[in-house]
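Novice: Turn this into a structure:
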Amino acid sequence: MNLSLDPRPGLMSRRNINLFGFLWCAGLIAYALYVEYGLHQEPCPLCILQRVAVIGVGLVFLVATLHNPRGAFARVYAALVGLVALAGIGVAARHMWILAQPPGAVAECGASLDYMLDVLPLHEVLGKVLSGSGECAKVTWEFLGISMPAWVLINLVWLVALAVLANVMLKRK
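Specialist: Take a look at the predicted model:
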């Protein structure tokens, strides 16, 4: 299906929209790094997993930009963005659930993510991280009354919509 949103050729091309998706993800990561190093707010393990998902989505957008696929290959990129984003959405939703718990309902702070990765198998690390701990239950940043994990979830949903627009609805120009 050809969706022609702009009469100027190339502006709404598959390649340009995929590039925009990559730049959007790069901007999200740049801001997360600013919050960490500029505002001195240490990310919790769930925040780090959300960053990994955003980086993964960005990499898929970058490869799609470079490849500029046609037909079924384009739909594969949309599906890959959807799968990686779905993992990030799940982590962000879990983080939001942990934040919504009453004080004291979440376990105290545990070992650091670096330490756990050094001494435990990956599946155990993921299990411990997803169970949440004290550092994941604190809201240390908000914008418009919305926490960082909620913003990550919102952005990932929009990035999936962008991937569908670029790689399913538009024809390659």
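
Novice: Mind giving me the packing neighbours of the longest helix along the chain?
Specialist: Using DSSP state H to define each element, the chain has its longest helix at helix 71-99. With contacts taken as 3 or more C-beta pairs under 8 Å, 6 or more residues apart in numbering; DSSP states H and E, helix 71-99 sits against helix 14-33, helix 45-67, helix 148-164. The way it works is simple: take the backbone N, C-alpha and C, and place the C-beta from them, glycine included.

Novice: Contact partners for residue 19?
Specialist: 61, 65 (C-beta atoms under 8 Å, 6 or more residues apart in numbering).

Novice: Now the longest helix of the chain: buried residues?
Specialist: Within helix 71-99, the residues that count as buried by 16 or more other C-beta atoms under 10 Å are 74, 77-78, 80-82, 84-85, 87-92, 94-96, 98-99.

Novice: repeat for stretch 156-167
Specialist: 156, 159, 160, 162, 163, 164, 165, 166, 167.

Novice: Residue ranges in this protein under the pLDDT threshold?
Specialist: 1-10, 103-139, 141-143, 171-173 (pLDDT under 70).

Novice: which residues sit against stretch 63-71?
Specialist: Counting by C-beta under 8 Å, 6+ apart, 14-15, 18-19, 21-22, 73-74, 76-77, 81, 163, 166-167, 172 sit against stretch 63-71.

Novice: So residue 93 is in contact with residue 153, correct?
Specialist: Yes: contact criterion C-beta atoms under 8 Å: residue 93 and residue 153 qualify, at 6.3 Å.

Novice: wait, residue 60 sits on residue 81?
Specialist: Yes: in this structure, residue 60 is within contact of residue 81 by C-beta under 8 Å, at 5.0 Å.

Novice: Residues that sit against both of these two, list them.
Specialist: residue 163.

Novice: Tell me which of the helices and strands packed on helix 71-99 sits nearest to residue 140.
Specialist: Residue 140 sits nearest to helix 148-164 of all those, at 8.1 Å, using C-beta to C-beta.

Novice: Give the other helices and strands that that closest one contacts.
Specialist: By 3+ C-beta pairs under 8 Å, 6+ apart, helix 148-164 packs against helix 14-33, helix 45-67, helix 71-99.
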